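Asker: need a 3D model of the sequence below.
(one chain, ligands or ions: 1)
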Amino acid sequence: MKVPFTGLEVQKDRLRHQIDARISKVLDHGKFIMGPEVGEFEAELSKFCGAQHSIGVANGTDALQIALMALGIEAGDRVFVPSFTYTATAEVILVLGGVPVFVDVDPVTFNIDADDLVEKISQVKASGHRALCVIGVDLFGLPADWEAINAICAEHGLASIADSAQSFGAALADGRSVGTLAQITTTSFFPAKPLGCYGDGGAIFSQDEDLAAVMRSIRVHGSGQQKYETVRVGMNSRLDTLQAAVLLSKIEVFGEEIRRRNELADYYSAALGDVCEVPQKPAGVTSAWAQYTIRSSERDALQQHLNNEGIPTAIYYPLPMHLQKAYAQFGDGEGSLMQSENASREVLSLPMNPYWATQEADMVIAAVKSFLA
Ligand SMILES: *Cc1c(COP(=O)(O)O)cnc(C)c1O
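Answerer: Numbers count the residues shown, from 1 in each chain. Predicted coordinates for the structure are as follows:
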C-alpha cells in the first residue's frame, strides 16, 4: 500500500461539484481574461488575509518579478535573498539585471538569518553598490522573522518583499496574517502549494495603495487609464479566469485545511520529537505547513527506507542557491553559507495531507521510527 504525499485527490473529490459548476459558468459567460471571477477572488483573498490590496497574477515567479519592477529595480542593484530557497526567488533578480546577495538561514526555522543579513548589508554598503531590498522567504509555510527583517530594512532604507509562495494561510500569534507582514507579499497557486489551482496562478498583496496601483498596471503591460495607453514597461501576467473560478471554491475550505495541517504537524511532532529534529515554530504561530520537514544526518538512508515502506518523501532543496551552476558566480562557494549547505544535506519532507485520519499519520510515524529509533 502506498500513501499519498498530499491530499489533493481527496480535495478534488470533495469539491468536484462546486468546481465543475464554477467552470461551467465561465464557459457560459466567456470572459476568459480578467473575467468577474478574478475580482471576486481578489476580494476573497483580501478578506482571508486582511491585505488592503490583493492582485491576481499568472504565477508566483511573476509575482516576485512584478514586485521588484514596482520597487524600481535598476541594473546592478543588490537584492538580499536566503540561499536555502526555491530557484525562482533568485532567478527574478537576475532576469531584471539585479544581483542576488545570498544570505544564510537559521538552522531551526530555515528562514533568513537576521545577523547574516546585517553582515551582508554592511558588505554591500562598503562596496558602494545600491542595495534595493530584502526578499525574505517563509520556507515550508512558516513566516520568517518579519519583525526583525522589517526593522533591519527600515534602518538601512531597504524595501521588503515576502516570498510567501509556501506560507499563504499562515498567521502570527497576534493574529496578523501572511499578506500583511512585509511591504509587498507574493504567493503562488501552483497546484501543490497549500492553496493551489489547476494550473499556474499567483497573487501579490500590499497595504500600500500607490504600489498596488503600479503593480496592477505592470500586470497588464504597464497600462494607463485609457485603453491602449502604456505608461510604464510592464508584462503580461494576468490570473486566468478559469483558475480564479477554481480558487473561489478552494478558498472556501482553506481555513479548515490549514487547521487540519496544523493538527497533523502537531501529531507528527509529538510522536517524532524524540527520534529526529522536528520543525519548530514560535508559540501561537499558525504555519501553512506547505511541507513538514524533519532533519536527519542519515537523510538519504532514511528516505530509501521510507520509500521501501511505501511512504513518499521529498527533498526541498538538495542544493542551496549559492552552489547552483546558474548562480554560483554571485556566491562565495562551498563552505560560505554553512547552515544552508547543512540543511540541504539533512532535510526530508514527509507527507502532509489535511484529509488524513490518524491511522495514515501513524503509518508514516511507524516507518520513520522503525529506522531511527
Ligand atoms: C513555488 C515557489 C515559487 C514560484 O511559484 P510559481 O507559481 O511556481 O512561479 C517561488 N518561491 C517559492 C519559495 C516557491 O516555493
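
Asker: wait, a strand at N262?
Answerer: No - under DSSP: H, G, I helix; E, B strand; the rest coil, N262 falls outside any strand and is assigned helix.

Asker: burial measure for the spatially closest residue to it that is not a sequence neighbour, as a count.
Answerer: Counting by C-beta to C-beta, 6 or more residues apart in numbering, N262 lies nearest to T286, which is 6.0 Å off, once chain neighbours are set aside. From N, CA and C alone the C-beta is placed, and that goes for glycine too. Residues within reach of T286, counting by other C-beta atoms under 10 Å, total 22.

Asker: got a pLDDT number for T286?
Answerer: We have a pLDDT of 97 for T286.

Asker: who touches it in this structure?
Answerer: 169-171, 258, 262 (C-beta atoms under 8 Å, 6 or more residues apart in numbering).

Asker: which helices and strands does the strand or helix carrying V246 pack with?
Answerer: Following DSSP states H and E, one finds V246 within helix 241-272. Contact analysis of helix 241-272 by 3 or more C-beta pairs under 8 Å, 6 or more residues apart in numbering; DSSP states H and E lists helix 8-29, helix 36-49, strand 292-295, helix 358-372 as its packing neighbours.

Asker: residue contacts, whatever residue of the stretch 201-350 of the chain ends up closest to the ligand?
Answerer: Nearest residue of the stretch 201-350 of the chain to the ligand: G202, at 5.0 Å (C-beta to the nearest ligand atom). By C-beta under 8 Å, 6+ apart, the contact set of G202 is 56-63, 165, 186-189, 239.

Asker: out of those, which are inside helices?
Answerer: 60-63 (DSSP state H).

Asker: overlap between the contacts of G202 and the residues near the ligand?
Answerer: 59-61, 165, 188 (C-beta under 6 Å from any ligand atom).

Asker: what residues are up against L348?
Answerer: L348 is in contact with 293-296, 299, 302-303, 313-315, counting by C-beta under 8 Å, 6+ apart.

Asker: around the ligand, which positions in the stretch 101-250 of the chain sit nearby?
Answerer: Going by C-beta under 6 Å from any ligand atom, the residues of the stretch 101-250 of the chain near the ligand are 137, 163, 165-166, 188, 190, 200, 202.

Asker: and those residues as TSV, adding distance to F254 and pLDDT?
Answerer: Formatted as TSV, these follow (distance: C-beta to C-beta, whole Å; pLDDT from 0 to 100):
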residue	distance to F254	pLDDT
V137	21	98
D163	19	98
A165	15	98
Q166	14	98
S188	14	98
F190	15	98
D200	18	98
G202	16	98
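
Asker: out of those, who's nearest A21?
Answerer: D200 (22.5 Å; C-beta to C-beta).

Asker: the closest one is in contact with Q243, isn't it?
Answerer: Yes - with contact defined as C-beta atoms under 8 Å, D200 counts as touching Q243 (7.4 Å).

Asker: hey, what's in contact with both of those two?
Answerer: Between them, D200 and Q243 share the contacting residues F189, judged by C-beta under 8 Å, 6+ apart.

Asker: buried stuff in stretch 320-329?
Answerer: 320-324, 327 (16 or more other C-beta atoms under 10 Å).
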